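1. need the 3D shape of this:
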Amino acid sequence: MNVQTITEQALKLDPALRAYVAEVLLESLDYEEDFIVSEAWQQEIQKRCQEIDTDPSILIDGECLMTELRQRYL
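-> Here you go, the predicted structure:
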């Protein structure tokens, strides 16, 4: 399987699964952070990631959210 095929298949996944794949891929990169993140933010990031992993249904597609907001407030 080549990169193009993998990318095409990944883009067909539900948004929550795409987010999970992206998270795994990003975590697999061996890089040094360009900035220092406070302990409080690290804990908040971990908390949010755990919430998403526990219940991916809480994710809202950005375009759907914008459509709903436009309908509600415009």
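
2. report the central residue of the protein.
-> Geometric centre of the chain, nearest residue: A19, 3.6 Å, by C-alpha atoms, centre = their mean.

3. tell me the contacts of it?
-> A19 makes contact with I52, P56, L59, according to C-beta atoms under 8 Å, 6 or more residues apart in numbering. Where C-beta positions appear, they are placed from N, C-alpha and C, glycine not excepted.

4. so how far is Y20 from the second one?
-> Distance check for P56 against Y20: by C-beta to C-beta, to the nearest Å, it reads 7 Å.

5. next: the first one.
-> According to C-beta to C-beta, I52 and Y20 sit 8 Å apart.

6. buried stuff in the helix or strand Q71 falls within?
-> Taking DSSP states H and E as the definition, one finds Q71 inside helix 62-73. If you call a residue buried by 16 or more other C-beta atoms under 10 Å, then helix 62-73 has no buried ones at all.

7. thinking again about what came up before, which of the contacts of A19 lies closest to M1?
-> P56 (25.0 Å; C-beta to C-beta).

8. skipping adjacent residues, who's closest to the closest one in space?
-> Counting by C-beta to C-beta, 6 or more residues apart in numbering, A16 is the residue found nearest to P56 once chain neighbours are left out, at 3.3 Å.

9. number of residues surrounding the one you found?
-> By other C-beta atoms under 10 Å, 16 other residues sit near A16.

10. report pLDDT for it.
-> Reported pLDDT at A16 in the predicted model: 89.

11. sec struct for it, please.
-> Using DSSP: H, G, I helix; E, B strand; the rest coil as the criterion, the local structure at A16 reads helix.

12. show the contacting residues for it.
-> Under the criterion of C-beta under 8 Å, 6+ apart, the contact partners of A16 comprise I52, P56, S57, L59.

13. show me the residues you listed that map onto helices.
-> Among the contacts of A16, the residues falling in helices (DSSP state H) are I52.

14. so which of the contacts of A16 is the most crowded?
-> By neighbour count, taken as other C-beta under 10 Å, the most surrounded of the contacts of A16 turns out to be I52 (16 neighbours).
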